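1. Give me the fold of what follows.
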Amino acid sequence: MNSDMVYDDIGSYPLPEGISSDWIQSAITSRSQDDQLFEIISSAMQFLKVIDDPACVDAPLLVKESEAKILELEALRDYASEYRSDHGAKFKIRVCVTGPVELYLKEFGSTAYGDVLLSFAKSIDRFVKNSIKQSGDLVVNTISIDEPSIGLNPQIMLDDEDIINALTIAGESAHRHGIDAEIHLHSPLNYKLVCQVPSINVIGVESASNPSYLELIDRTDLLATDTFIRAGIARTDIYGLSAILNEKYNINVWKEPDRLSEVVTGMETPQVIAKRLSRCYDMFGEHIKYVGPDCGLGSWPTQNIAAQLLKNTAAGIDKFRQEH
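-> Below is the predicted model:
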């Protein structure tokens with residue numbers, strides 16, 4: 001099997017009890033409570049807010065390099081320093097950025113301005129470039145470009161060539177530094193388009209909750225373009241999982257939250273996760289480079305149950321390795 005296959009996590013995570021998303025947004029804006037904010041920081045990226053601020057750009061929608069900073073990395077500095085002191089090595093991280101197409105759709109909807117899309121792409125690359133340059137005691141192992149609308153949103157009227165050019169620019173700094181650049185798709189319908197992007201070498205697939213997505217991808221396309229897969233092997237769609245429990249017990253588990261623990265004790269177990277990974281491996285073999293949960297644990301009821309899913313995922317990967 002692929003000894004280089006990496007376990008990573010993507011997406012959101014539940015806030016601690018007593019902390020609201022409104023408080024997080026206020027703290028990010030004011031920067032008056034950084035000590036507390038940095039302890040509980042979640043993945044609330046503020047790219048558009050910076051890109052839309054006239055004081056932060058060199059030209060419309062082109063962020064100044066000095067302003068292209070990711071708050072989460074700043075929050076990790078102290079932890080990274082402690083980790084390096086304790087382990088004698090830098091802490092490896094994956095940096096997620098909102099992709100140019102996603103930002104474009106939020107600002108301009110179904111109109112088609114290729115030059116504007118490229119400005120977004122250049123801004124994203126500046127965030128990535130700074131993340132790599134200012135990593136300190138962190139090692140940026142992977143850059144993930146989040147593009148959930150590609151393959152799902154019928155409003156995308158942009159030309160394929162413009163999208164390919166924009167994604168190429170967004171992944172340029174990662175590619176230049178020999179860092180894996182992944183595109184995080186929620187649907188792989190347009191995976192062949194991504195295979196044409198020279199700076200992106202990994203395609204993320206939400207394959208735990210949607211196993212049929214894997215069948216849409218032809219392994220020969222991956223081989224021809226030297227592209228790899230990031231496979232989702234643990235379900236994170238908590239509402240879908242809770243619906244199964246509701247039907248099983250004829251209750252509303254959100255009114256009996258203790259029942260939700262069955263998601264990680266009886267449903268998304270290491271055995272189930274290992275079986276999913278085995279199926280992925282049978283289909284793609286050495287072209288699986290990253291594995292982990294599907295996107296997003298932010299809607300899960302507590303950090304404890306979300307953490308248990310991550311532990312189960314690690315145990316499932318270990319079980320798969322032992323069996324193969």
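2. got a list of what the closest residue to T227 other than its chain neighbours touches?
-> Nearest residue to T227 in three dimensions, chain neighbours excluded: C195, at 5.2 Å (CB to CB, 6 or more residues apart in numbering). For every residue, glycine as well, the C-beta is placed using N, CA and C. By CB atoms under 8 Å, 6 or more residues apart in numbering, C195 lies in contact with 203, 221-222, 224-225, 227.
3. what about the helices in the stretch 101-250 of the chain?
-> Assigned by DSSP state H, counting those that start in this stretch, the helices in the stretch 101-250 of the chain fall at 114-133, 160-170, 172-176, 191-195, 219-225, 238-249.
4. I'd like to know which of the ones you listed is closest to A59.
-> Nearest of the helices of the stretch 101-250 of the chain to A59, taken as CB to CB: helix 114-133 at 7.2 Å.
5. where does this structure have low pLDDT?
-> Scanning the chain with the threshold set as pLDDT under 70 gives 1-3, 15-47.
6. domains of it?
-> 1-41+233-324, 45-200 (automatic domain parsing).
7. What ranges does the protein have for its strands?
-> All strands of the chain, identified by DSSP state E, fall at 6-7, 57-59, 62-63, 91-98, 138-146, 180-184, 202-205, 228-234, 288-293.
8. by contact count, what packs against the longest one?
-> Translated: strand 138-146. If you count contacts as 3 or more CB pairs under 8 Å, 6 or more residues apart in numbering; DSSP states H and E, strand 138-146 packs onto strand 91-98, helix 114-133, strand 180-184.
9. picking that back up, mind checking the helices of the stretch 101-250 of the chain for the one nearest to G151?
-> Taking those one by one with CB to CB, helix 191-195 is closest: 7.7 Å.
10. Now that closest one: buried residues?
-> Residues of helix 191-195 classed as buried: 191, 193-195 (neighbour count, 16 or more other CB atoms under 10 Å).
11. next one: stretch 232-247
-> Buried residues in stretch 232-247 (16+ other CB under 10 Å): 232-238, 241-242, 245-246.
12. Then stretch 296-314?
-> For stretch 296-314, by 16+ other CB under 10 Å, it's 296-298, 300-301, 305-306, 308-310, 312-314.
13. Can you pick out the most distant pair from those?
-> That would be P301 and A314, which, of these, are the farthest apart (CB to CB) at 21.0 Å.
14. Show me which of the contacts of C195 is closest to T265.
-> Scanning the contacts of C195 for proximity to T265, where the rule is CB to CB, the winner is I203, at 32.0 Å.
15. give the contact list for the closest one.
-> By CB under 8 Å, 6+ apart, the neighbours of I203 are 182-183, 185, 188, 191, 194-195, 217, 227-230.
16. now swap in D221 and tell me
-> 191-192, 195, 227.
17. And A112, how far from I93?
-> 35 Å (CB to CB, to the nearest Å).
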